[in-house]
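>>> Here is my input, please return the structure:
(one chain, ligands or ions: 2)
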Amino acid sequence: MKDVVVIVKNLWKYYNYMGHRIAILRGINATLYRADIACIYGPSGAGKTTFLKILAGLERPDLGEIIVEGYNLTLLDDDALATIRASIVSYIPQDYGLIEDFTVYENVELPLLVAGFSEEERRVTILETLKYMGIAEKMHTKVRYLSGGEKQRVAIARALVVTPSLLLADEPTANLDWENAKKVLELFIKINRDFKTTVVMVSHDARILEFANRKFALYDGVLKEV
Ligand SMILES: Nc1ncnc2c1ncn2[C@@H]1O[C@H](COP(=O)(O)OP(=O)(O)OP(=O)(O)O)[C@@H](O)[C@H]1O
Ligand SMILES: [Mg+2]
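Ligands and ions are numbered 1, 2, ... in the order given. The predicted structure is shown next:
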């Protein structure tokens, strides 16, 4: 029996646009298993970010269910969703979402502060994670002085520091040339192998599909496995 991590059932999301109700996600169904690497390709505006944010519990669907590690996100209140994000699910936004005036260390510390780790636990965990990501020597550098590839590593480190079982990455290669993009994709594969993390990446670059064992296309709010 394969170990189910994510179940998405008949997921619909609408936005209002100039007085009209537009369906952005139209009845998405998917099941992801432990240690899957799922890549979702879709053009701009297809609903990729909307879908990832709903998986992360950052947005709520209008209809349907999302079950992550047995938790039905649609039934949880905002506090419970915050707890899920501090432990089970990590979301890496497209623009990294780092605080530019904080150091690398301080950025990676944030989720551990939210999760209530002691100072010593934080120090040990942060050092271990930064070493794993190959960015420990930049620990005391402010994020604003890092290159795009380094920022992406810090963003991954911050997501990884709580050892989530589901790691969501929004356009992880968008701001990188293909050589650096491949390095980032290989890092996700390493994380996936080392920790059995289920990884979901979305991109408008179809080249990411070759790194996945589960390949999806999202067009006009409809998800199809390819
Ligand atoms: N909060 C919102 N209110 C209204 N419309 C929204 C909102 N968020 C997204 N949309 C619209 O929903 C559609 C899908 O947006 P989304 O950001 O999910 O697409 P995407 O596939 O991530 O695109 P991109 O590749 O450009 O990042 C777009 O048409 C967008 O304008
Ligand atoms: Mg997007």
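
>>> where does the most centrally placed residue in the chain land in three-state SS?
Computing the C-alpha centroid of the chain and ranking residues by C-alpha atoms, centre = their mean puts residue 168 first, at 1.7 Å. Under DSSP: H, G, I helix; E, B strand; the rest coil, residue 168 falls in the strand class.

>>> per-residue pLDDT, it?
At residue 168, the pLDDT value in this model is 98.

>>> quick one: contacts of the host helix or strand of residue 54?
Following DSSP states H and E, one finds residue 54 within helix 48-55. Outside helix 48-55, the residues within contact range by C-beta atoms under 8 Å, 6 or more residues apart in numbering are 6, 8, 11, 13, 24-25, 28, 40, 42, 59-61, 66, 68, 73, 89, 91, 94, 166, 168, 170-171, 200, 202-204, 218, 223. All C-beta atoms are positioned from the backbone trio N, CA, C, and that covers glycine.

>>> Sheet partners, orientation included, of the helix or strand just after that helix?
Moving toward the C-terminus from helix 48-55, the next helix or strand (DSSP H and E) is strand 63-68. Applying DSSP bridges, strand 63-68 is found paired with strand 4-17 (antiparallel), strand 71-72 (antiparallel).

>>> How far off centre is the first one?
Same thing as strand 4-17. 16 Å (C-alpha atoms, centre = their mean, to the nearest Å).

>>> Pull out the buried residues from it.
5-6, 8-9, 11, 13-14 (16 or more other C-beta atoms under 10 Å).

>>> Same check on stretch 70-83?
So for stretch 70-83, counting by 16+ other C-beta under 10 Å, buried means 71, 73-74, 81.

>>> can you list contacts of whichever helix in the chain runs longest?
Ordering each helix of the chain by length in residues (DSSP state H) puts helix 178-195 first. With contacts defined as C-beta under 8 Å, 6+ apart, helix 178-195 is touched by 35, 37, 133, 148-149, 152-153, 156, 160, 163, 167, 169, 172-173, 176, 197-199, 201, 205, 207-208, 211.

>>> How far away from the center of its chain is that helix?
On C-alpha atoms, centre = their mean, the centre of helix 178-195 falls 14 Å from that of its chain.

>>> That one vs strand 166-170, what angle?
With axes from the mean of the first three to the mean of the last three C-alpha atoms, to 10 degrees as the basis, helix 178-195 and strand 166-170 are set at 170 degrees to each other.

>>> what's the average pLDDT for the helix or strand that helix 178-195 is followed by?
Going down the chain from helix 178-195, the next helix or strand is strand 198-203, by DSSP H and E. Strand 198-203 shows a mean pLDDT of 97 in the predicted model.

>>> State the paired neighbours of strand 198-203 in the sheet, together with their directions.
strand 37-41 (parallel), strand 166-170 (parallel).

>>> now those in TSV, with distance to ligand 2?
Shown next, in TSV, are the strands paired with strand 198-203 (distance: least, C-beta to the ion, whole Å):
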stretch	distance to ligand 2
strand 37-41	11
strand 166-170	6
